[in-house]
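Trainee: Kindly generate the corresponding structure for this input.
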Amino acid sequence: MLGPGDRIPDATVWVAPRETVRLDELVAEGPILLVFYLFDWSST
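Mentor: Residues are numbered from 1 along each chain as shown. From the prediction side, this is the model:
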């Protein structure tokens, strides 16, 4: 979790299919919740 004064990571996130936004742009708008989904390719 980032605290006051911490540097925002240089990252791009997906907000919808084929729609990306830079993480620092999202944080500038206010608090956000990030959800990560990791697909297990080993079961395919």
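
Trainee: Double-check that residue 21 belongs to a strand.
Mentor: Yes: judged by DSSP: H, G, I helix; E, B strand; the rest coil, residue 21 forms part of a strand.

Trainee: For the helix or strand of the chain with the lowest mean pLDDT, which outside residues touch it?
Mentor: Least confident helix or strand of the chain, by mean pLDDT, DSSP states H and E, is strand 12-16 with a mean of 76. Contact with strand 12-16 is made by 20, 21, 22, 23, 26, 34, as judged by C-beta atoms under 8 Å, 6 or more residues apart in numbering. Backbone N, C-alpha and C define where each C-beta goes, glycine included.

Trainee: Kindly report the same for stretch 34-43.
Mentor: Residues outside stretch 34-43 that contact it (C-beta under 8 Å, 6+ apart) are residue 13.

Trainee: can you give me the helices for this protein?
Mentor: 23-29 (DSSP state H).

Trainee: Show me what the residue positioned nearest the centre of it bridges to in the sheet.
Mentor: Ranked by distance to the mean C-alpha position of the chain (C-alpha atoms, centre = their mean), the top residue is residue 13 at 4.3 Å. Judged by DSSP bridges, the bridge partners of residue 13 are residue 21.

Trainee: sorry, back to before: send me the least confident helix or strand of the chain as PDB with only the CA atoms.
Mentor: Coordinates of each C-alpha in strand 12-16 appear next as PDB, following Å, rounded to 0.1, in the frame of the first residue of the first chain:
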ATOM      1  CA  THR A  12      -0.200   1.000 -17.200                       C
ATOM      2  CA  VAL A  13      -3.400  -0.700 -16.200                       C
ATOM      3  CA  TRP A  14      -6.500  -2.000 -18.100                       C
ATOM      4  CA  VAL A  15      -9.800  -0.300 -17.100                       C
ATOM      5  CA  ALA A  16     -11.800  -2.100 -19.700                       C
END
